[in-house]
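Engineer: have a look at this prediction, sequence included:
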Amino acid sequence: MPFQKYGARQRSLSALATLGAGLMVLGGIAPAAVAQDISSQQWYLKDMQADGMWKVSKGKGITVAVVDTGVNASISELQGQVLGGADMSRRPSSAHKDTDGHGTNMAALIAGTGANGGIQGLAPEAKILPVKDVQDARVDSADGIVGRAIRYAADHGAQIINISQGAEAVSSQLPRTHSAVNYAIRKGSLIFAAVGNTGNKTNGVAYPAGFPGVVGVGAIDREGKATKWSNSGDQVGLVAIGDEIPTHCGDNVCTSHGTSQATAITSASAALIWSKHPEWTNNQVLRVMMQTAAKPKSGDIPSSYVGYGSVRPRKVLIDGEGDPGPANTNPLLAREGATKPKPSESASQPAEDDSQPASDKRAAEKPAQEAKASDDGGNSTLWVALGAGVVVVAGAAVAFTVVRRRGGTMARP
């Protein structure tokens, strides 16, 4: 049973795209016109105050490994952004071949330049190290492939390892992945992994997000609320925007949702911070991210739904907040900043700092009953495509469901 991705496409992007539907039927929309709609719809960049952050840092000098389906380095926004990488699959071809698109979209969300109207990444001067880990259906094989991919990333200069996928399993089923995670953390890498999109309906923990020291990433929506489909529990360390994210759908454009996308945005946030403070260790970058996250006012911290809160790199880069603290102590393992709720607090209260944009400030708890909400489809394979679900293609208004692959590779958006 292979790891699956957690990312779904769901809605058309804009009125322009809807108008374009008729034009596509008659003769097609020029790719540039479709691409322009991507950059114009990346609302979360404004919400996160990206322009202000980019005056301080764009991620230069940071390598982010994307352990995924490969990365197509030829698309406009990724030209010059992608390193050589490696294909760890049982039948390797090239890390730059991505027949699915999931890895390419994650890479673009992290380090896309926005060239020719393509996806503008949050850390556009970071470099992407593609590590392809397409797997077959055997759990022992998947464990070995993902384990090798993580070790490769750590050995080839990746300060940040983005794993927008996970396996709903027990940790003992994944010894090689667990060993590789420990190895990478000791080498100084910071690992972000998606927690999954089943709304906990399967009652499983997604690994590697669930391994100690790994930052499990959940998703919030445009209003700063934890989404009903984002998994909860102890595996959630941080959350980020993971809804209404424009992505490529082949030759078209979709909006997407998933903890895959939230993980990519969290990895890019870390790249911005680490680029500004290259002397910091993985633990110190994570510590300031936890300190400056928008905290929930309700429940325990870390919260079951939003962990230590929603990422706000602007607090570090623009406002100068955060104390990096000790270099060799992992703040997640030390439970730094953990608190118990006050008796008077309710589960519906938003996060602090109401003067800021909702999606950047509120890490509000979702109601407990939402933890059982269903997501986009069944889950019979082990590795879960973090966010795979329903898509409507912009400009064509064609809805379809991304079917999780049962016989081999991870299901992707």
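Structural biologist: Thanks, I have the structure now.
Engineer: what helix or strand does the residue nearest the centre of the chain sit in?
Structural biologist: Against the mean C-alpha coordinate of the chain, by CA atoms, centre = their mean, the closest residue is Thr263 at 1.8 Å. In this structure, Thr263 sits in helix 259-276 according to DSSP states H and E.
Engineer: what lies in contact with the next helix or strand after that helix?
Structural biologist: Moving toward the C-terminus from helix 259-276, the next helix or strand (DSSP H and E) is helix 282-292. By CB atoms under 8 Å, 6 or more residues apart in numbering, the residues outside helix 282-292 that reach it are 159, 185, 188-190, 215, 237-238, 266, 269-270, 273-274, 277, 280, 308-309, 311-313, 315-316, 321-332, 336-337. Every residue, glycine included, has its C-beta placed from N, CA and C.
Engineer: mind checking which of these are buried?
Structural biologist: Among the contacts of helix 282-292, those classed as buried by neighbour count (16 or more other CB atoms under 10 Å) are 159, 185, 189-190, 215, 237-238, 266, 269-270, 273-274, 277, 280, 308-309, 311-313, 315-316, 322, 324, 330-332, 336.
Engineer: least trustworthy helix or strand in this protein by mean pLDDT?
Structural biologist: strand 399-401 (a mean of 22; mean pLDDT, DSSP states H and E).
Engineer: low-confidence ranges, the stretch 201-350 of the chain, go.
Structural biologist: For the stretch 201-350 of the chain, the stretches with pLDDT under 70 are 202-203, 341-350.
Engineer: can you read off the pLDDT for Gln369?
Structural biologist: With respect to pLDDT, Gln369 has a value of 33.
Engineer: again but with Pro31, I slipped
Structural biologist: pLDDT for Pro31: 34.
Engineer: among the contacts of helix 282-292, which are in strands?
Structural biologist: Counted as lying in strands by DSSP state E, out of those, are Leu190, Val215, Leu238.
Engineer: got the contact list for the second one?
Structural biologist: Contacts for Val215 (CB under 8 Å, 6+ apart) come out as Leu190, Ile191, Phe192, Ala193, Ala209, Gly237, Leu238, Thr266, Leu286, Leu332.
Engineer: again, only this time at 10 Å
Structural biologist: The contact partners of Val215, taken as CB atoms under 10 Å, 6 or more residues apart in numbering, are 190-193, 195, 209, 235-238, 263, 266-267, 270, 282, 286, 289-290, 307-308, 311, 330-332.
Engineer: and if you look at the last one?
Structural biologist: The contact partners of Leu238, by CB under 10 Å, 6+ apart, come to 192, 215-218, 262-263, 266, 269-270, 286, 289-290, 293, 302, 306-311, 332, 363.
Engineer: if we use 6 Å, what do you get?
Structural biologist: Taking CB atoms under 6 Å, 6 or more residues apart in numbering, we find Leu238 in contact with Val215, Val217, Thr266, Ala293, Gly307, Tyr308, Val311.
Engineer: one more: the first one?
Structural biologist: With contact set as CB under 6 Å, 6+ apart, Leu190 has these partners: Ile160, Ala270, Asn282, Val285, Leu286.
Engineer: now it: closest residue in space, sequence neighbours ignored.
Structural biologist: In this structure, Leu190 finds its nearest non-sequential neighbour in Asn282, 4.0 Å apart by CB to CB, 6 or more residues apart in numbering.
Engineer: Asp143 contacts Leu174, doesn't it?
Structural biologist: Yes. Using CB atoms under 6 Å, Asp143 is in contact with Leu174, at 4.8 Å.
Engineer: and the residue nearest to the centre of the chain, how close does it get to Tyr6?
Structural biologist: Distance of Thr263 to Tyr6, computed by CB to CB, to the nearest Å: 8 Å.
Engineer: shared neighbours of the two, anything?
Structural biologist: Ala194.
Engineer: which parts of stretch 248-268 are buried?
Structural biologist: Under 16+ other CB under 10 Å, the buried positions of stretch 248-268 are 248-249, 252-268.
Engineer: show me how far it is from its chain's centre.
Structural biologist: Distance, stretch centre to chain centre, for stretch 248-268: 8 Å (CA atoms, centre = their mean, to the nearest Å).
Engineer: compute the first-to-last residue distance for it.
Structural biologist: Counting by CA to CA, to the nearest Å, you get 18 Å between the two ends of stretch 248-268.
Engineer: where's Val67, which helix or strand?
Structural biologist: Using DSSP H and E, Val67 sits within strand 63-68.
Engineer: got the CA positions of that strand in CSV?
Structural biologist: Output in CSV follows, covering the C-alpha atoms of strand 63-68 (Å, rounded to 0.1, in the frame of the first residue of the first chain):
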residue,chain,number,x,y,z
THR,A,63,17.1,24.2,-0.9
VAL,A,64,13.7,22.6,-0.5
ALA,A,65,13.4,18.9,-1.3
VAL,A,66,10.1,18.0,-2.8
VAL,A,67,9.6,14.3,-2.1
ASP,A,68,6.8,13.6,-4.5
